[in-house]
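Undergrad: show me how the following folds:
(2 chains)
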Amino acid sequence: MRLRFAPSPTGALHLGGARAALYNALLARRHGGTLVLRIEDTDRERSTPENVGQILDALRWLDISYDEGPISQAASAPRHAEVLERLLADGHAYRSNATADDVKAFKATHGSGHGFRGDPEDRGAVRLRVPDAGETVVHDAVRGEARFAHVHLDDPVIARADGSVLYNFAVAVDDYDAGITHVVRGEDHLSNTPKQLLVLEAMGAPAPVYAHLPLIHGPDGKKLSKRHGAASVQELRAQGFLPEAVVNYLALLGAGFDPEREVFSFAELAERFALENVTRNPAVFDEQKLRHLNGIWLRSLPAEELARRLEEHTGRRGLAGAAEISQEKIQTLEDFWPLAGFFFDGPVEDAKARAKVLEAPGGRERLAEARGVLAELEPWGTGGIESALRELVERAGVRPRDVFQPVRVAIAGTTVSPGIFESVALLGRDEALARIDRALAPG
RNA sequence: GCCCCCAUGGUGUAGCGGUAAGCACGACGGCCUUUCACGCCGUUAGCGCGAGUUCGACUCUCGCUGGGGGUACCA
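TA: Below is the predicted model of the structure:
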(Lines give C-alpha, C1' and ligand atoms only; values in the text may rest on other atoms or scores of the structure.)
Protein backbone atom coordinates (compact mmCIF):
# COMPACT_ATOMS: atom_id res chain seq x y z
CA MET A 1 0.00 0.00 0.00
CA ARG A 2 1.42 3.33 -1.05
CA LEU A 3 -0.39 6.46 0.04
CA ARG A 4 0.25 10.04 -0.76
CA PHE A 5 -0.62 13.30 0.79
CA ALA A 6 -0.50 16.48 -1.24
CA PRO A 7 -1.34 19.63 0.69
CA SER A 8 -1.89 22.88 -1.14
CA PRO A 9 1.25 24.92 -0.62
CA THR A 10 -0.53 28.03 0.60
CA GLY A 11 1.43 28.16 3.82
CA ALA A 12 -1.39 27.32 6.17
CA LEU A 13 -2.12 23.66 6.80
CA HIS A 14 -5.89 23.72 6.79
CA LEU A 15 -7.82 21.53 9.17
CA GLY A 16 -9.31 19.59 6.30
CA GLY A 17 -5.88 19.02 4.84
CA ALA A 18 -4.51 18.11 8.23
CA ARG A 19 -7.20 15.51 8.66
CA ALA A 20 -6.48 14.08 5.23
CA ALA A 21 -2.80 13.89 6.17
CA LEU A 22 -3.71 12.24 9.43
CA TYR A 23 -5.95 9.63 7.86
CA ASN A 24 -3.27 8.80 5.33
CA ALA A 25 -0.76 8.45 8.13
CA LEU A 26 -3.11 6.26 10.16
CA LEU A 27 -3.68 4.03 7.18
CA ALA A 28 0.02 3.77 6.46
CA ARG A 29 0.69 2.90 10.09
CA ARG A 30 -2.15 0.42 10.30
CA HIS A 31 -1.27 -1.49 7.17
CA GLY A 32 2.46 -1.03 7.10
CA GLY A 33 2.12 1.14 4.02
CA THR A 34 4.32 3.90 2.73
CA LEU A 35 3.24 7.53 2.96
CA VAL A 36 4.56 9.79 0.24
CA LEU A 37 4.35 13.54 0.65
CA ARG A 38 4.00 15.50 -2.55
CA ILE A 39 4.00 19.22 -3.04
CA GLU A 40 1.48 20.52 -5.53
CA ASP A 41 3.62 23.10 -7.17
CA THR A 42 2.53 23.46 -10.74
CA ASP A 43 1.50 26.86 -9.44
CA ARG A 44 4.83 28.56 -8.77
CA GLU A 45 3.18 31.55 -7.14
CA ARG A 46 1.97 29.58 -4.16
CA SER A 47 4.62 27.01 -3.62
CA THR A 48 7.32 29.25 -2.30
CA PRO A 49 9.94 27.65 -0.07
CA GLU A 50 8.45 29.58 2.85
CA ASN A 51 4.97 28.20 2.28
CA VAL A 52 6.21 24.67 1.86
CA GLY A 53 8.34 25.06 4.96
CA GLN A 54 5.34 26.10 6.97
CA ILE A 55 3.39 23.06 5.85
CA LEU A 56 6.23 20.74 6.75
CA ASP A 57 6.56 22.43 10.10
CA ALA A 58 2.88 21.98 10.88
CA LEU A 59 3.06 18.32 9.91
CA ARG A 60 6.08 17.86 12.13
CA TRP A 61 4.27 19.53 15.02
CA LEU A 62 1.38 17.10 14.63
CA ASP A 63 3.97 14.32 14.62
CA ILE A 64 2.74 13.10 11.26
CA SER A 65 5.71 11.65 9.50
CA TYR A 66 6.00 10.56 5.90
CA ASP A 67 8.27 7.96 4.42
CA GLU A 68 9.15 9.64 1.15
CA GLY A 69 9.19 13.20 0.00
CA PRO A 70 8.43 15.92 -0.12
CA ILE A 71 8.36 15.28 -3.84
CA SER A 72 7.99 18.24 -6.12
CA GLN A 73 5.37 17.93 -8.79
CA ALA A 74 7.12 20.44 -11.01
CA ALA A 75 10.27 18.37 -10.92
CA SER A 76 8.75 15.80 -13.24
CA ALA A 77 8.24 18.26 -16.11
CA PRO A 78 10.12 16.13 -18.67
CA ARG A 79 7.97 13.14 -17.87
CA HIS A 80 4.83 15.25 -18.19
CA ALA A 81 5.94 16.47 -21.60
CA GLU A 82 6.58 12.91 -22.65
CA VAL A 83 3.13 11.68 -21.64
CA LEU A 84 1.58 14.73 -23.24
CA GLU A 85 3.27 13.96 -26.55
CA ARG A 86 2.08 10.41 -26.44
CA LEU A 87 -1.53 11.35 -25.75
CA LEU A 88 -1.34 13.90 -28.54
CA ALA A 89 0.14 11.35 -30.91
CA ASP A 90 -2.41 8.64 -30.27
CA GLY A 91 -5.37 10.99 -30.39
CA HIS A 92 -6.30 10.93 -26.71
CA ALA A 93 -5.59 14.64 -26.62
CA TYR A 94 -5.54 17.55 -29.04
CA ARG A 95 -4.48 21.15 -29.20
CA SER A 96 -7.08 23.86 -29.07
CA ASN A 97 -7.24 27.60 -28.61
CA ALA A 98 -10.78 27.49 -27.32
CA THR A 99 -11.26 29.80 -24.35
CA ALA A 100 -13.60 29.58 -21.43
CA ASP A 101 -15.97 31.84 -23.34
CA ASP A 102 -15.87 29.51 -26.30
CA VAL A 103 -16.83 26.66 -24.03
CA LYS A 104 -19.73 28.69 -22.69
CA ALA A 105 -20.87 29.57 -26.17
CA PHE A 106 -20.66 25.91 -27.16
CA LYS A 107 -22.91 24.94 -24.27
CA ALA A 108 -25.32 27.72 -25.10
CA THR A 109 -25.85 26.42 -28.61
CA HIS A 110 -25.64 22.70 -27.92
CA GLY A 111 -27.56 22.69 -24.68
CA SER A 112 -26.37 21.66 -21.25
CA GLY A 113 -26.49 18.01 -22.17
CA HIS A 114 -23.39 18.30 -24.28
CA GLY A 115 -19.92 18.64 -22.88
CA PHE A 116 -17.51 20.84 -24.80
CA ARG A 117 -15.65 19.12 -27.61
CA GLY A 118 -13.12 21.24 -29.46
CA ASP A 119 -11.70 20.97 -32.94
CA PRO A 120 -8.03 20.04 -33.15
CA GLU A 121 -5.76 22.93 -34.11
CA ASP A 122 -2.05 23.20 -34.80
CA ARG A 123 -1.24 25.02 -31.63
CA GLY A 124 -2.75 26.06 -28.37
CA ALA A 125 -3.51 24.42 -25.06
CA VAL A 126 -3.84 20.66 -24.83
CA ARG A 127 -7.24 19.23 -24.11
CA LEU A 128 -7.96 15.66 -23.18
CA ARG A 129 -10.54 14.03 -25.42
CA VAL A 130 -13.45 12.76 -23.37
CA PRO A 131 -15.34 9.84 -24.96
CA ASP A 132 -18.73 10.95 -26.25
CA ALA A 133 -20.65 8.06 -24.78
CA GLY A 134 -20.46 6.17 -21.53
CA GLU A 135 -19.53 7.29 -18.10
CA THR A 136 -16.63 7.32 -15.71
CA VAL A 137 -17.32 5.75 -12.36
CA VAL A 138 -15.37 6.71 -9.30
CA HIS A 139 -15.25 3.81 -6.88
CA ASP A 140 -14.88 5.55 -3.58
CA ALA A 141 -13.90 3.68 -0.45
CA VAL A 142 -15.94 5.90 1.80
CA ARG A 143 -18.93 6.82 -0.32
CA GLY A 144 -19.47 4.10 -2.85
CA GLU A 145 -19.85 4.84 -6.54
CA ALA A 146 -20.11 8.27 -8.06
CA ARG A 147 -21.06 8.18 -11.72
CA PHE A 148 -20.15 10.89 -14.17
CA ALA A 149 -21.75 10.71 -17.61
CA HIS A 150 -19.32 11.75 -20.34
CA VAL A 151 -21.93 13.91 -22.05
CA HIS A 152 -21.73 16.27 -19.11
CA LEU A 153 -17.96 16.52 -19.09
CA ASP A 154 -16.09 19.18 -21.04
CA ASP A 155 -12.80 18.17 -22.65
CA PRO A 156 -10.49 19.36 -19.89
CA VAL A 157 -7.38 21.42 -20.58
CA ILE A 158 -4.44 19.39 -19.33
CA ALA A 159 -1.62 21.68 -20.43
CA ARG A 160 -1.32 25.36 -21.14
CA ALA A 161 -0.28 26.69 -24.51
CA ASP A 162 3.20 27.28 -23.08
CA GLY A 163 3.54 23.60 -22.33
CA SER A 164 3.15 23.76 -18.56
CA VAL A 165 0.79 21.13 -17.27
CA LEU A 166 -2.31 21.49 -15.15
CA TYR A 167 -3.10 19.88 -11.85
CA ASN A 168 -5.58 17.24 -12.98
CA PHE A 169 -3.07 15.92 -15.47
CA ALA A 170 0.03 16.19 -13.33
CA VAL A 171 -1.53 14.55 -10.32
CA ALA A 172 -2.68 11.54 -12.31
CA VAL A 173 0.69 11.03 -13.97
CA ASP A 174 2.62 11.57 -10.76
CA ASP A 175 0.49 9.25 -8.69
CA TYR A 176 0.90 6.58 -11.31
CA ASP A 177 4.65 7.06 -11.52
CA ALA A 178 4.96 6.99 -7.76
CA GLY A 179 3.06 3.74 -7.63
CA ILE A 180 0.34 5.21 -5.45
CA THR A 181 -2.32 2.67 -4.65
CA HIS A 182 -4.61 4.71 -2.40
CA VAL A 183 -5.63 8.32 -2.76
CA VAL A 184 -7.28 9.72 0.36
CA ARG A 185 -8.15 13.40 0.09
CA GLY A 186 -10.87 15.98 0.60
CA GLU A 187 -14.27 15.82 -1.02
CA ASP A 188 -13.51 18.96 -2.97
CA HIS A 189 -11.53 16.70 -5.28
CA LEU A 190 -14.36 14.30 -6.00
CA SER A 191 -15.69 16.18 -9.01
CA ASN A 192 -12.20 16.35 -10.49
CA THR A 193 -11.57 12.66 -10.08
CA PRO A 194 -13.20 11.60 -13.37
CA LYS A 195 -10.76 13.88 -15.21
CA GLN A 196 -7.87 12.19 -13.48
CA LEU A 197 -9.35 8.79 -14.17
CA LEU A 198 -9.70 9.71 -17.84
CA VAL A 199 -6.04 10.74 -17.98
CA LEU A 200 -5.05 7.44 -16.41
CA GLU A 201 -7.21 5.56 -18.82
CA ALA A 202 -5.73 7.40 -21.80
CA MET A 203 -2.30 6.44 -20.49
CA GLY A 204 -3.39 2.86 -20.14
CA ALA A 205 -2.63 3.08 -16.44
CA PRO A 206 -4.56 1.39 -13.62
CA ALA A 207 -6.59 3.51 -11.21
CA PRO A 208 -5.76 3.74 -7.53
CA VAL A 209 -8.35 3.30 -4.80
CA TYR A 210 -9.95 6.63 -4.04
CA ALA A 211 -11.44 7.82 -0.78
CA HIS A 212 -12.89 11.29 -0.45
CA LEU A 213 -13.25 12.75 2.99
CA PRO A 214 -16.06 15.13 3.87
CA LEU A 215 -15.13 18.76 4.25
CA ILE A 216 -14.86 20.61 7.54
CA HIS A 217 -17.12 23.62 7.86
CA GLY A 218 -17.16 26.66 10.09
CA PRO A 219 -19.92 27.25 12.67
CA ASP A 220 -21.87 29.10 9.99
CA GLY A 221 -21.97 26.07 7.75
CA LYS A 222 -19.64 27.64 5.23
CA LYS A 223 -16.33 26.17 4.25
CA LEU A 224 -13.85 26.76 7.05
CA SER A 225 -11.68 29.80 6.41
CA LYS A 226 -9.47 32.31 8.19
CA ARG A 227 -12.60 34.22 9.08
CA HIS A 228 -13.51 31.49 11.51
CA GLY A 229 -10.49 32.20 13.64
CA ALA A 230 -8.93 28.79 13.59
CA ALA A 231 -8.88 27.28 10.15
CA SER A 232 -5.34 26.02 10.22
CA VAL A 233 -3.13 23.87 12.34
CA GLN A 234 -0.80 26.81 12.86
CA GLU A 235 -3.59 28.89 14.35
CA LEU A 236 -4.58 26.09 16.67
CA ARG A 237 -1.00 25.80 17.77
CA ALA A 238 -0.82 29.52 18.46
CA GLN A 239 -3.99 29.26 20.50
CA GLY A 240 -2.33 26.85 22.85
CA PHE A 241 -3.75 23.55 21.71
CA LEU A 242 -1.71 20.39 22.07
CA PRO A 243 -0.86 18.37 18.96
CA GLU A 244 -2.14 15.24 20.68
CA ALA A 245 -5.52 16.88 21.16
CA VAL A 246 -5.68 18.25 17.63
CA VAL A 247 -4.88 14.83 16.19
CA ASN A 248 -7.41 13.23 18.50
CA TYR A 249 -10.10 15.75 17.65
CA LEU A 250 -9.55 15.73 13.91
CA ALA A 251 -9.66 11.95 13.84
CA LEU A 252 -12.89 11.86 15.84
CA LEU A 253 -14.48 14.55 13.73
CA GLY A 254 -14.70 12.36 10.68
CA ALA A 255 -14.98 8.81 11.83
CA GLY A 256 -16.27 6.59 14.56
CA PHE A 257 -13.51 4.67 16.31
CA ASP A 258 -14.99 3.19 19.42
CA PRO A 259 -18.39 4.21 20.81
CA GLU A 260 -17.11 3.68 24.32
CA ARG A 261 -14.16 6.03 24.15
CA GLU A 262 -13.09 9.32 22.72
CA VAL A 263 -9.57 9.89 23.89
CA PHE A 264 -7.07 8.18 21.64
CA SER A 265 -3.39 8.55 20.96
CA PHE A 266 -2.11 8.36 17.40
CA ALA A 267 -1.13 4.73 17.91
CA GLU A 268 -4.54 3.84 19.30
CA LEU A 269 -6.23 5.60 16.42
CA ALA A 270 -4.09 3.72 13.95
CA GLU A 271 -5.10 0.41 15.49
CA ARG A 272 -8.75 1.19 14.90
CA PHE A 273 -8.80 3.19 11.71
CA ALA A 274 -10.72 1.92 8.70
CA LEU A 275 -11.87 3.87 5.68
CA GLU A 276 -15.20 2.09 5.93
CA ASN A 277 -15.86 3.89 9.20
CA VAL A 278 -15.26 7.33 7.82
CA THR A 279 -18.43 9.37 7.81
CA ARG A 280 -19.87 10.91 4.69
CA ASN A 281 -21.29 13.96 6.42
CA PRO A 282 -19.47 17.22 6.35
CA ALA A 283 -18.61 18.25 9.89
CA VAL A 284 -18.67 21.58 11.67
CA PHE A 285 -15.50 22.47 13.49
CA ASP A 286 -16.35 22.75 17.18
CA GLU A 287 -13.73 24.57 19.18
CA GLN A 288 -15.53 23.80 22.43
CA LYS A 289 -15.07 20.11 21.92
CA LEU A 290 -11.46 20.61 20.96
CA ARG A 291 -10.92 22.58 24.16
CA HIS A 292 -12.51 19.78 26.11
CA LEU A 293 -10.19 17.19 24.61
CA ASN A 294 -7.26 19.53 24.98
CA GLY A 295 -8.00 19.84 28.68
CA ILE A 296 -7.94 16.09 29.05
CA TRP A 297 -4.63 15.77 27.23
CA LEU A 298 -3.20 18.74 29.07
CA ARG A 299 -4.01 17.20 32.44
CA SER A 300 -2.58 13.87 31.40
CA LEU A 301 0.85 15.37 30.76
CA PRO A 302 3.59 14.80 33.35
CA ALA A 303 4.15 18.07 35.22
CA GLU A 304 7.66 18.54 33.83
CA GLU A 305 6.41 18.00 30.31
CA LEU A 306 3.65 20.54 30.77
CA ALA A 307 6.20 23.02 32.08
CA ARG A 308 8.42 22.38 29.09
CA ARG A 309 5.56 23.04 26.68
CA LEU A 310 4.44 26.12 28.54
CA GLU A 311 7.95 27.49 28.43
CA GLU A 312 8.12 26.85 24.73
CA HIS A 313 4.72 28.41 24.17
CA THR A 314 5.25 31.51 26.28
CA GLY A 315 8.94 31.97 25.72
CA ARG A 316 9.46 32.30 29.48
CA ARG A 317 11.58 30.17 31.74
CA GLY A 318 11.19 28.75 35.21
CA LEU A 319 7.53 27.88 34.91
CA ALA A 320 7.67 24.45 36.54
CA GLY A 321 6.21 25.36 39.92
CA ALA A 322 3.40 27.47 38.54
CA ALA A 323 2.70 24.92 35.85
CA GLU A 324 2.27 22.16 38.37
CA ILE A 325 -0.32 23.99 40.45
CA SER A 326 -2.15 25.31 37.37
CA GLN A 327 -2.42 22.05 35.51
CA GLU A 328 -5.92 21.10 36.51
CA LYS A 329 -7.20 24.61 36.05
CA ILE A 330 -6.29 25.32 32.46
CA GLN A 331 -7.59 23.92 29.21
CA THR A 332 -5.04 25.30 26.79
CA LEU A 333 -1.49 26.56 26.98
CA GLU A 334 -2.87 30.06 26.42
CA ASP A 335 -4.97 29.83 29.57
CA PHE A 336 -1.83 29.62 31.69
CA TRP A 337 -0.60 33.18 31.70
CA PRO A 338 -3.89 34.85 32.60
CA LEU A 339 -4.16 32.45 35.52
CA ALA A 340 -0.58 32.27 36.75
CA GLY A 341 1.21 35.21 35.19
CA PHE A 342 1.01 37.12 38.45
CA PHE A 343 3.69 34.89 39.94
CA PHE A 344 6.16 36.37 37.49
CA ASP A 345 4.81 39.76 36.53
CA GLY A 346 3.32 40.77 39.87
CA PRO A 347 -0.33 41.18 40.83
CA VAL A 348 -2.59 42.31 38.01
CA GLU A 349 -4.55 45.52 38.31
CA ASP A 350 -8.12 44.61 39.03
CA ALA A 351 -9.92 47.47 40.76
CA LYS A 352 -13.14 45.52 40.94
CA ALA A 353 -11.53 42.64 42.75
CA ARG A 354 -9.86 45.02 45.21
CA ALA A 355 -13.09 46.83 45.89
CA LYS A 356 -15.07 43.68 46.29
CA VAL A 357 -12.67 41.80 48.52
CA LEU A 358 -10.23 44.17 50.18
CA GLU A 359 -12.59 47.03 50.82
CA ALA A 360 -15.34 44.75 52.02
CA PRO A 361 -16.05 44.83 55.76
CA GLY A 362 -13.28 42.96 57.55
CA GLY A 363 -11.25 42.43 54.43
CA ARG A 364 -8.20 44.42 55.47
CA GLU A 365 -8.36 43.13 59.03
CA ARG A 366 -8.35 39.51 57.87
CA LEU A 367 -5.50 40.24 55.48
CA ALA A 368 -3.49 41.88 58.23
CA GLU A 369 -4.07 38.90 60.48
CA ALA A 370 -3.08 36.52 57.72
CA ARG A 371 0.11 38.50 57.25
CA GLY A 372 0.81 38.03 60.91
CA VAL A 373 0.54 34.26 60.90
CA LEU A 374 2.43 33.91 57.64
CA ALA A 375 5.26 35.99 58.98
CA GLU A 376 5.59 33.68 61.97
CA LEU A 377 5.08 30.40 60.15
CA GLU A 378 7.86 27.88 60.44
CA PRO A 379 8.70 26.03 58.31
CA TRP A 380 7.37 27.62 55.13
CA GLY A 381 5.31 25.20 53.06
CA THR A 382 1.93 24.46 51.57
CA GLY A 383 0.80 22.25 54.45
CA GLY A 384 1.87 24.71 57.10
CA ILE A 385 0.28 27.62 55.29
CA GLU A 386 -2.98 25.75 55.06
CA SER A 387 -3.11 24.88 58.77
CA ALA A 388 -2.12 28.37 59.77
CA LEU A 389 -4.73 30.06 57.64
CA ARG A 390 -7.45 27.61 58.58
CA GLU A 391 -6.60 28.16 62.19
CA LEU A 392 -7.02 31.87 61.60
CA VAL A 393 -10.43 31.25 60.05
CA GLU A 394 -11.38 29.30 63.10
CA ARG A 395 -10.12 31.91 65.51
CA ALA A 396 -11.79 34.81 63.74
CA GLY A 397 -15.01 32.88 63.46
CA VAL A 398 -15.45 33.76 59.77
CA ARG A 399 -15.98 31.85 56.56
CA PRO A 400 -12.89 30.39 54.88
CA ARG A 401 -13.32 32.71 51.93
CA ASP A 402 -13.25 35.76 54.17
CA VAL A 403 -9.60 35.04 54.79
CA PHE A 404 -8.54 33.31 51.59
CA GLN A 405 -9.92 35.82 49.12
CA PRO A 406 -8.17 38.87 50.57
CA VAL A 407 -4.90 36.94 50.51
CA ARG A 408 -5.61 35.90 46.94
CA VAL A 409 -6.31 39.42 45.80
CA ALA A 410 -3.23 40.67 47.61
CA ILE A 411 -0.85 38.27 45.88
CA ALA A 412 -2.57 37.84 42.53
CA GLY A 413 -4.57 41.01 42.15
CA THR A 414 -7.60 39.04 41.04
CA THR A 415 -10.12 36.71 42.58
CA VAL A 416 -9.02 33.83 40.37
CA SER A 417 -5.80 31.93 40.84
CA PRO A 418 -4.42 28.45 41.48
CA GLY A 419 -4.96 27.05 44.97
CA ILE A 420 -4.24 29.73 47.54
CA PHE A 421 -1.97 27.67 49.81
CA GLU A 422 0.09 26.40 46.91
CA SER A 423 0.25 29.89 45.45
CA VAL A 424 1.45 31.52 48.64
CA ALA A 425 3.97 28.74 49.15
CA LEU A 426 5.32 29.04 45.62
CA LEU A 427 5.64 32.79 45.88
CA GLY A 428 7.90 32.48 48.90
CA ARG A 429 7.58 34.24 52.21
CA ASP A 430 9.33 37.47 51.33
CA GLU A 431 7.41 38.10 48.14
CA ALA A 432 4.09 37.05 49.66
CA LEU A 433 4.51 39.38 52.61
CA ALA A 434 5.68 42.19 50.36
CA ARG A 435 2.61 41.89 48.19
CA ILE A 436 0.34 41.78 51.22
CA ASP A 437 1.98 44.90 52.59
CA ARG A 438 1.48 46.64 49.29
CA ALA A 439 -2.18 45.66 49.27
CA LEU A 440 -2.56 46.87 52.83
CA ALA A 441 -0.88 50.19 52.13
CA PRO A 442 -3.39 53.02 51.90
CA GLY A 443 -4.15 54.45 48.46
C1' G B 1 -27.49 26.92 -15.25
C1' C B 2 -25.19 21.97 -15.35
C1' C B 3 -22.67 17.83 -12.66
C1' C B 4 -21.50 15.37 -8.05
C1' C B 5 -21.88 14.59 -2.75
C1' C B 6 -24.50 14.92 1.91
C1' A B 7 -28.96 14.96 5.45
C1' U B 8 -29.98 11.71 13.55
C1' G B 9 -30.71 17.20 19.29
C1' G B 10 -27.04 23.74 18.87
C1' U B 11 -22.24 20.59 17.60
C1' G B 12 -19.60 15.70 16.67
C1' U B 13 -21.14 10.77 16.48
C1' A B 14 -23.75 5.41 17.51
C1' G B 15 -27.60 3.05 15.13
C1' C B 16 -27.21 -0.71 9.64
C1' G B 17 -36.41 -3.12 9.38
C1' G B 18 -39.11 -4.04 15.33
C1' U B 19 -34.72 0.62 20.42
C1' A B 20 -37.78 3.96 26.11
C1' A B 21 -33.20 6.50 19.49
C1' G B 22 -27.23 5.50 22.91
C1' C B 23 -22.57 8.43 23.84
C1' A B 24 -19.69 13.00 23.97
C1' C B 25 -19.25 18.59 23.74
C1' G B 26 -22.26 22.72 24.86
C1' A B 27 -26.29 24.94 27.58
C1' C B 28 -29.17 24.85 32.19
C1' G B 29 -29.67 23.21 37.48
C1' G B 30 -27.28 20.94 41.63
C1' C B 31 -23.29 18.58 44.67
C1' C B 32 -18.12 19.23 46.01
C1' U B 33 -15.37 23.62 47.41
C1' U B 34 -10.76 28.97 49.46
C1' U B 35 -11.53 31.45 43.82
C1' C B 36 -11.37 29.17 39.15
C1' A B 37 -11.22 24.58 37.45
C1' C B 38 -11.45 19.20 37.95
C1' G B 39 -14.84 15.45 39.45
C1' C B 40 -19.85 13.75 40.32
C1' C B 41 -25.44 13.95 39.75
C1' G B 42 -29.60 15.63 37.03
C1' U B 43 -32.36 18.43 33.04
C1' U B 44 -32.76 20.16 28.12
C1' A B 45 -32.98 19.09 22.83
C1' G B 46 -32.90 14.99 17.40
C1' C B 47 -34.22 11.03 13.06
C1' G B 48 -35.76 17.84 7.16
C1' C B 49 -40.61 17.05 4.14
C1' G B 50 -43.76 13.91 0.99
C1' A B 51 -44.82 9.53 -1.40
C1' G B 52 -43.90 4.52 -1.71
C1' U B 53 -41.88 -0.87 -0.29
C1' U B 54 -43.08 -3.73 4.21
C1' C B 55 -47.02 -6.76 9.11
C1' G B 56 -43.56 -2.90 10.70
C1' A B 57 -39.44 2.29 8.82
C1' C B 58 -34.37 6.74 11.54
C1' U B 59 -32.88 2.53 8.89
C1' C B 60 -34.76 0.40 1.79
C1' U B 61 -36.67 3.24 -3.04
C1' C B 62 -38.23 7.73 -5.49
C1' G B 63 -39.32 12.88 -5.41
C1' C B 64 -38.83 17.52 -2.92
C1' U B 65 -36.40 20.83 0.16
C1' G B 66 -32.02 22.25 2.41
C1' G B 67 -26.65 22.36 2.81
C1' G B 68 -21.95 21.59 0.56
C1' G B 69 -18.45 20.80 -3.44
C1' G B 70 -17.14 21.08 -8.59
C1' U B 71 -17.77 23.35 -13.11
C1' A B 72 -10.32 27.90 -14.73
C1' C B 73 -4.84 27.73 -20.02
C1' C B 74 -5.99 27.41 -10.09
C1' A B 75 -4.50 23.65 -6.84
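Undergrad: quick check: closest non-adjacent residue to A:D119.
TA: A:S96 (7.0 Å; CB to CB, 6 or more residues apart in numbering). The C-beta positions use only the backbone N, C-alpha and C, and glycine is treated the same way.
Undergrad: isn't the one you found up against A:R127?
TA: Yes. The criterion here is CB atoms under 8 Å, and A:S96 meets it with A:R127 at 5.1 Å.
Undergrad: report the set of residues contacting both of the two.
TA: Each of A:G118, A:D155 lies in contact with both A:S96 and A:R127 under the rule CB atoms under 8 Å, 6 or more residues apart in numbering.
Undergrad: rewinding a little: where does the residue nearest to A:D119 land on pLDDT?
TA: A:S96 carries a pLDDT value of 95.
Undergrad: can you tell me which residues in the stretch 1-150 of chain A are near RNA strand B?
TA: Residues of the stretch 1-150 of chain A lying close to RNA strand B (CB under 7 Å from any atom of the strand) are A:8-9, A:40-43, A:46, A:73, A:97-100, A:103, A:107, A:112, A:124-125, A:143-149.
Undergrad: separate out the buried members of those residues.
TA: A:8-9, A:40-42, A:73, A:98, A:103, A:124-125, A:143, A:146, A:148 (16 or more other CB atoms under 10 Å).
Undergrad: host element of A:Q405?
TA: Secondary structure from DSSP states H and E places A:Q405 in helix A:400-412.
Undergrad: rewinding a little: export the buried ones among the residues of the stretch 1-150 of chain A next to RNA strand B as TSV, with columns for secondary structure.
TA: As requested, these are exported to TSV (DSSP: H, G, I helix; E, B strand; the rest coil):
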residue	secondary structure
A:S8	coil
A:P9	coil
A:E40	coil
A:D41	coil
A:T42	coil
A:Q73	coil
A:A98	coil
A:V103	helix
A:G124	coil
A:A125	strand
A:R143	coil
A:A146	strand
A:F148	strand
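Undergrad: tell me who's in contact with the residue in chain A positioned nearest to RNA strand B.
TA: At 2.5 Å from RNA strand B, A:E40 is the closest residue in chain A, using CB to the nearest atom of the strand. Shown in contact with A:E40 (CB under 8 Å, 6+ apart): A:A6, A:P7, A:S8, A:P9, A:S47, A:Q73, A:Y167, A:V171.
Undergrad: mind putting those residues into JSON lines with pLDDT?
TA: Below are the contacts of A:E40 laid out as JSON lines (pLDDT from 0 to 100):
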{"residue": "A:A6", "pLDDT": "91"}
{"residue": "A:P7", "pLDDT": "87"}
{"residue": "A:S8", "pLDDT": "83"}
{"residue": "A:P9", "pLDDT": "82"}
{"residue": "A:S47", "pLDDT": "77"}
{"residue": "A:Q73", "pLDDT": "78"}
{"residue": "A:Y167", "pLDDT": "92"}
{"residue": "A:V171", "pLDDT": "94"}
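Undergrad: what sits up against the strand or helix carrying A:F336?
TA: Secondary structure from DSSP H and E places A:F336 in helix A:336-340. Contact partners of helix A:336-340, identified using CB under 8 Å, 6+ apart, comprise A:240, A:310, A:313-314, A:319, A:322-323, A:325-326, A:329-330, A:416-418.
Undergrad: and for stretch A:343-356?
TA: By CB under 8 Å, 6+ apart, stretch A:343-356 touches A:316, A:318, A:321-322, A:341-342, A:409-415, A:423, A:426-427, A:435, A:438-439.
Undergrad: buried ones in it?
TA: For stretch A:343-356, by 16+ other CB under 10 Å, it's A:F343, A:P347, A:D350, A:A353, A:R354.
Undergrad: stretch A:412-428 now?
TA: Here stretch A:412-428 shows A:412-414, A:417-427 as buried, counting by 16+ other CB under 10 Å.
Undergrad: which members of these additionally contact RNA strand B?
TA: By CB under 7 Å from any atom of the strand, the members of the buried residues of stretch A:412-428 lying near RNA strand B are A:S417, A:P418, A:G419, A:I420, A:F421.
Undergrad: around RNA strand B, pick out the residues from the stretch 201-350 of chain A.
TA: A:214-215, A:217, A:221-223, A:252-256, A:259, A:262, A:277, A:279-284, A:286, A:288-289, A:292, A:295-296, A:299, A:328-331.
Undergrad: among those residues, which are in helices?
TA: Those of those mapping onto helices are A:L252, A:L253, A:G254, A:Q288, A:K289, A:H292, A:G295, A:I296, A:R299, per DSSP state H.
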